[in-house]
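A.B. asks: Take a look and give me a structure for this.
(4 chains, ligands or ions: 2)
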2 protein chains.
Amino acid sequence: MTKKRISESTIHRLSLYLRALSVLEKESHETVSSKELAKREKLTPAQVRKDLSFFGSFGTRGLGYPVSDLKKQIASILGIDRLWKVALFGVGNIGSALVSYKEFSRQGFQIIKLFDNDQRKIGSNHKGIIISDIKDMEKELQEAQIEIAVIAVPATVAQYIVDDVVKAGIKAILNFAPINLKVPQDVYLRNENMSMELEYLSFALVNNHSQKRPKI
Amino acid sequence: MTKKRISESTIHRLSLYLRALSVLEKESHETVSSKELAKREKLTPAQVRKDLSFFGSFGTRGLGYPVSDLKKQIASILGIDRLWKVALFGVGNIGSALVSYKEFSRQGFQIIKLFDNDQRKIGSNHKGIIISDIKDMEKELQEAQIEIAVIAVPATVAQYIVDDVVKAGIKAILNFAPINLKVPQDVYLRNENMSMELEYLSFALVNNHSQKRPKI
DNA sequence: CGTCTCATGTGAAAAGGTTCACAAAAAAAT
DNA sequence: ATTTTTTTGTGAACCTTTTCACATGAGACG
Ligand SMILES: NC(=O)c1ccc[n+]([C@@H]2O[C@H](COP(=O)([O-])OP(=O)(O)OC[C@H]3O[C@@H](n4cnc5c(N)ncnc54)[C@H](O)[C@@H]3O)[C@@H](O)[C@H]2O)c1
Ligand SMILES: NC(=O)c1ccc[n+]([C@@H]2O[C@H](COP(=O)([O-])OP(=O)(O)OC[C@H]3O[C@@H](n4cnc5c(N)ncnc54)[C@H](O)[C@@H]3O)[C@@H](O)[C@H]2O)c1
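C.D. replies: Numbering: from 1, shown residues only, chains lettered A, B, ... in the order given. Ligands and ions are numbered 1, 2, ... in the order given. All right, here's what the predicted structure looks like:
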């Protein structure tokens, strides 16, 4: 059996399905159709069914998908049926916001290490976590068994930090700095670029850009 | 002349070109080839040329693209050769971080209005801007001629705020709340979903997901 | 129990996006 | 002045993703 490559879009939509299923569960729905699920996330029913079909058969014909069970299944596919240990680099404006955000740990992403190079911040307690000196990164990352790094330092230093993070053995990085980071092939890197979305809005406004959305 | 629809990916890549061109300009490069531009943003030369060709011919054969000129052209295409007036809703963790971020205004996005419903925050000065009562939204949005709204309120109230924002005539919204907002066809909506990227990393880690060239 | 309705799962078709490959044009070299 | 080199711009080919459409299976109902 060949492991077919799953598209980035499909994976992102799994996150959306998960979100919708959480709401459906709170609303005490036992089952949900691909039609309803699609409607809740502005997608098409065919898209929902196709996405899920890559991973198995979770539904019942004539009935739909069992809400709680599908939610568990998708969580398992995404690998969030467990805890992930996350370290944050740069406890500044955006870094502080991320640490305060409880939703992440609720989803299994636990920020348990904070690093900075500002002497005024190092050693201080931030939301129950002592901020570590970036110099001790390698040792502390390994001791704490960190698996994911979040980069929230200025763009000018981001590459240096990432080089060290990679050296310390981290294989997954979420980057907020507006710079194209170089990482080895076996390190997963995702970028969060807010300017890009503002620029998209700007483009859409000045060009009357036709919206692409599923017609339902 | 038929206006061909430009893909979302192309628009996002324009942002990347712009970023690379800014660096090239700082490095005093007069011209740049599609090859070099591609390398700097982990894309292919053909992709760069194809993207630009949708908007015109900006290069010289045998020489490449003039850095400063191309930068101006792309800024104009994206509509950021001007100032955009932005209002922010919800001056909490993430909202505060966004207001403090100087890069936005450097790119032409000026956050000039802040709204909240917390009486302790209303009336106080935050980074030189007085926080307004959300109740006065409609009047204040129109007086300040706001064109873009950034939503940084809890997900539970985001839809209500957005409904009012739309009523006030805003046509572009950047949303940070993890919820699928309903807006009319003629309103541009972009979502910033950080959990999605963490979940992508989680998926990649547990599935040894083969890396494809980063699309964005 | 048979029929009816509903909704999944999935090949096939269609649409959309990316890469190829090359003619054309400009610059550089001889 | 001519040849060689470089690099753009772009149709065509290729590949990926989305949508279609329908057979199939499960529950509902008389
Ligand atoms: N603030 C935002 O809303 C926002 C939005 C988009 C992107 N970003 C990006 O996120 C990053 C952080 O932005 P910010 O606004 O939080 O900046 P900030 O200056 O508030 O925070 C940066 C933090 O990194 C620390 N730091 C600096 N150099 C360091 C080093 N060598 N090692 C360890 N720590 C170091 C600083 O001490 C500071 O605490 C930047 O790359 C920025 O472009 C921020
Ligand atoms: N903090 C993060 O790192 C982060 C990350 C991703 C997404 N988000 C999302 O961003 C949004 C804000 O998150 P946060 O962490 O900044 O929360 P927060 O509670 O710190 O801030 C929310 C702000 O909105 C204000 N508010 C609440 N109800 C309002 C109303 N009806 N009208 C106007 N203002 C109102 C509050 O007074 C507060 O100032 C949430 O939807 C959250 O899910 C946050």
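A.B. asks: gap between stretch A:141-152 and the chain center?
C.D. replies: Distance, stretch centre to chain centre, for stretch A:141-152: 15 Å (Cα atoms, centre = their mean, to the nearest Å).
A.B. asks: Please identify the buried residues of it?
C.D. replies: A:141, A:146, A:147, A:148, A:149, A:150, A:151, A:152 (16 or more other Cβ atoms under 10 Å in any protein chain shown). Where C-beta positions appear, they are placed from N, C-alpha and C, glycine not excepted.
A.B. asks: Can you name the two of those residues that sit furthest apart?
C.D. replies: The most widely separated members of those are A:147 and A:152, with 17.4 Å between them, by Cβ to Cβ.
A.B. asks: if you look at the buried residues of stretch A:141-152, which of them are in strands?
C.D. replies: Of the buried residues of stretch A:141-152, the ones assigned to strands by DSSP state E are A:148, A:149, A:150, A:151.
A.B. asks: my guess is residue A:133 contacts residue A:117, does it?
C.D. replies: Yes - Residue A:133 lies in contact with residue A:117 (Cβ atoms under 8 Å); the separation is 7.2 Å.
A.B. asks: and the longest strand along chain A, what does it pack onto?
C.D. replies: Using DSSP E, we find that the single longest strand of chain A is strand A:109-116. Secondary-structure packing of strand A:109-116 (3 or more Cβ pairs under 8 Å, 6 or more residues apart in numbering or on different chains; DSSP states H and E): strand A:84-89, helix A:93-100, helix A:102-106, strand A:129-133, helix A:137-144, helix B:194-207.
A.B. asks: So which residues on chain A come close to ligand 1?
C.D. replies: A:89-95, A:115-118, A:134, A:152-155, A:157, A:161, A:176-178, A:194 (Cβ under 6 Å from any ligand atom).
A.B. asks: Would you write a ChimeraX line that selects the buried entries of the residues you listed?
C.D. replies: In ChimeraX, a selection of the buried entries from the residues of chain A next to ligand 1 looks like this (16+ other Cβ under 10 Å):
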select /A:89,90,91,92,93,94,95,115,116,134,152,153,155,157,161,176,177,178,194
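A.B. asks: right, and the secondary structure at the residue nearest to the spatial centre of chain A would be what?
C.D. replies: The centroid of chain A falls nearest to residue A:174 when counting by Cα atoms, centre = their mean (8.0 Å). Secondary structure assignment for residue A:174 (DSSP: H, G, I helix; E, B strand; the rest coil): strand.
A.B. asks: Next one: it from DNA strand C, what distance?
C.D. replies: Distance, residue A:174 to DNA strand C, by Cβ to the nearest atom of the strand, to the nearest Å: 22 Å.
A.B. asks: Return the distance of that residue relative to residue A:161.
C.D. replies: 13 Å (Cβ to Cβ, to the nearest Å).
A.B. asks: okay, and the common contacts of the two?
C.D. replies: residue A:151 (Cβ atoms under 8 Å, 6 or more residues apart in numbering or on different chains).
A.B. asks: So stretch A:93-111, near ligand 2 or not?
C.D. replies: Yes - counting by Cβ under 6 Å from any ligand atom, contacts between stretch A:93-111 and ligand 2 involve A:97, A:98, A:100, A:101, A:103.
A.B. asks: List, one by one, the residues from chain A near ligand 2.
C.D. replies: Going by Cβ under 6 Å from any ligand atom, the residues of chain A near ligand 2 are A:97, A:98, A:100, A:101, A:103.
A.B. asks: Nearest to ligand 1: which residue in chain A?
C.D. replies: Relative to ligand 1, the nearest point of chain A is residue A:92 (1.7 Å; Cβ to the nearest ligand atom).
A.B. asks: That residue is in contact with residue A:157, isn't it?
C.D. replies: No - with contact defined as Cβ under 8 Å, residue A:92 and residue A:157 do not form a contacting pair (11.7 Å).
A.B. asks: coming back round to it: enumerate every residue touching the residue of chain A closest to ligand 1.
C.D. replies: Under the criterion of Cβ under 8 Å, 6+ apart, the neighbours of residue A:92 are A:116, A:152, A:153.
A.B. asks: and what of residue A:158?
C.D. replies: By Cβ under 8 Å, 6+ apart, the neighbours of residue A:158 are A:151, A:175, A:177, A:179, A:181.
A.B. asks: which secondary structure element contains the fourth one?
C.D. replies: Per DSSP states H and E, residue A:179 falls between elements, in no helix or strand.
A.B. asks: I'd say the residue nearest to the centre of chain A and residue A:147 touch.
C.D. replies: No - between residue A:174 and residue A:147 there is no contact under Cβ under 8 Å: 11.7 Å.
A.B. asks: Distance of the closest residue to ligand 2 within chain A relative to DNA strand D?
C.D. replies: In chain A, the residue that lies nearest ligand 2 is residue A:101 (3.5 Å; Cβ to the nearest ligand atom). In this view, residue A:101 and DNA strand D are 28 Å apart by Cβ to the nearest atom of the strand.
A.B. asks: and the longest helix along chain A, is it in reach of DNA strand C?
C.D. replies: Counting residues, the longest helix found in chain A (DSSP state H) is helix A:8-26. No - residues of helix A:8-26 are not located near DNA strand C by Cβ under 7 Å from any atom of the strand, the shortest gap being 10.1 Å.
A.B. asks: which parts of that helix are buried?
C.D. replies: Buried residues in helix A:8-26 (16+ other Cβ under 10 Å): A:8, A:10-21, A:24.
A.B. asks: coming back round to it: what about the residue of chain A closest to ligand 2, how many residues nearby?
C.D. replies: 17 (other Cβ atoms under 10 Å in any protein chain shown).
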